[in-house]
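Student: quick one, fold the following:
(one chain, ligands or ions: 1)
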Amino acid sequence: MTTTDGWINEDHDGMRYGLAGRVLLEETSPFQRITLIDSDRYGKGLLLDGCWMTAERQERHYHESLVHPALCSAERLERVLVVGGGDGGTARECLRHGEVQHLDMVEIDGRVVELCREHLPSIGGSAWSDPRLQLTVGDGIAWVAAAADASYDVVLVDGSDPAGPAEGLFNRTFFEHCRRILRPGGVFATQSESPEAFRQVHLDTVRLLRQVFGHADPLYGWVPMYPSGWWSWTFAAVDGPRYRQPRPERAAAVAAGCEIWSPRWQHGGFEAVPAAIERDLED
Ligand code: SPD
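Tutor: Prediction:
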């Protein structure tokens, strides 16, 4: 991260993604450097290790895209696991689904949760006081490895880039455990980086999930403040690509409160695979 003349920037691979604003607070936790900022355009926001994570007036692009394709399509929604997601946005969107009875959120960095609750309270919103939310500050990788077979209906991975504490969220062992702990009819989704700015990580992630689950599909959308602005989330399921068909009654219950996600947007996103990426993924 650099700060220049009233701008806060994520510098990535010869490019610079910045917001005009000011740094509110910076500290180093046992896991990473945490920066809270206030920006002119998107309000308050969070960077971890100098990379953009979220901001008040932009977070919906990311959270709606990760959550609703999975929660609108899993067979049941009783038990949901969120790995990471310390700002609370993923949990908030999950808990809009009334069928969710219990949500485990396992976030490695308790300081991220504390600071987001204090400075970015609208992102977690009512999730923080929802009795269905069970927050554990701990290692999501160990949690998934220790979880019982077939113990969740949905597993969502809301981590940061594959360096530092999130590195282990992109490997075969972790994905195999995620598959093992899903019930029949269960759905898995993870943020899978930018097909432009992190092309190789993106391709490797989709390919690995296809090996582990037998199929997987990237969904393309955008998070304007992330490198390149073009982002992806990848979905897989125990029994075939059920995430391509949102259940109409669930979709209807959440669509009105969404800014980005809709069943139509979801259909389009799954279809909008650029030719070169499709070819690369078939190799
Ligand atoms: N390069 C940024 C990847 C960040 C993914 N997680 C964002 C956290 C939002 N809850």
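
Student: what's the local residue count around residue 41?
Tutor: Using other Cβ atoms under 10 Å, residue 41 is surrounded by 13 other residues. For glycine as for every other residue, the C-beta is placed from the backbone atoms N, C-alpha and C.

Student: I'd like to know how far the residue lying closest to it once chain neighbours are set aside sits from residue 6.
Tutor: Spatially, and ignoring its direct neighbours in sequence, residue 41 is nearest to residue 19 (6.2 Å; Cβ to Cβ, 6 or more residues apart in numbering). In this view, residue 19 and residue 6 are 10 Å apart by Cβ to Cβ, to the nearest Å.

Student: so between these two, which is more surrounded?
Tutor: Shown here are residue 19 and residue 6; by other Cβ under 10 Å, residue 19 has more neighbours (23 against 11).

Student: residue contacts, that one?
Tutor: 7-8, 37, 39-42, 45, 55, 225 (Cβ atoms under 8 Å, 6 or more residues apart in numbering).

Student: what about the longest helix along the chain, near the ligand?
Tutor: Criterion DSSP state H: the longest helix present in the chain is helix 199-213. No - Helix 199-213 lies apart from the ligand when judged by Cβ under 6 Å from any ligand atom; the minimum separation is 10.1 Å.

Student: which strands and helices sit next to that helix?
Tutor: Helix 199-213 sits against helix 172-180, strand 182-191, strand 217-222, strand 230-237, helix 275-282, with contacts defined as 3 or more Cβ pairs under 8 Å, 6 or more residues apart in numbering; DSSP states H and E.

Student: now distance to residue 101, mean neighbour count and mean pLDDT too, for those, in a markdown table please.
Tutor: Shown next, in a markdown table, are these (distance: least, Cβ to Cβ, whole Å; neighbours: other Cβ atoms under 10 Å; pLDDT from 0 to 100):
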| stretch | distance to residue 101 | mean neighbour count | mean pLDDT |
| --- | --- | --- | --- |
| helix 172-180 | 20 | 18 | 98 |
| strand 182-191 | 13 | 24 | 98 |
| strand 217-222 | 26 | 22 | 96 |
| strand 230-237 | 20 | 25 | 97 |
| helix 275-282 | 36 | 12 | 94 |
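
Student: mind checking which of those is nearest residue 161?
Tutor: Among the helices and strands packed on helix 199-213, the nearest to residue 161 by Cβ to Cβ is strand 182-191 (9.2 Å).

Student: pull the distance from the closest one to the chain's centre.
Tutor: Distance of strand 182-191 from its chain centroid, counting by Cα atoms, centre = their mean, to the nearest Å, is 13 Å.

Student: give me the contacts around that strand.
Tutor: 62, 66-67, 69-71, 73-76, 79, 150-159, 169, 175, 178-179, 205, 209, 213, 231-239, 242-243.

Student: same deal with stretch 125-141?
Tutor: By Cβ under 8 Å, 6+ apart, the surrounding residues in contact with stretch 125-141 are 83-84, 88, 91-92, 94-95, 100-110, 113, 117, 121, 143, 157, 159, 168-169, 174.

Student: and it, which residues are buried?
Tutor: 125, 127-128, 133, 135, 139-141 (16 or more other Cβ atoms under 10 Å).

Student: average pLDDT across that stretch?
Tutor: Averaging pLDDT along stretch 125-141 yields 98.

Student: what about stretch 110-128, near the ligand?
Tutor: No - judged by Cβ under 6 Å from any ligand atom, stretch 110-128 stays clear of the ligand, getting no closer than 7.6 Å.
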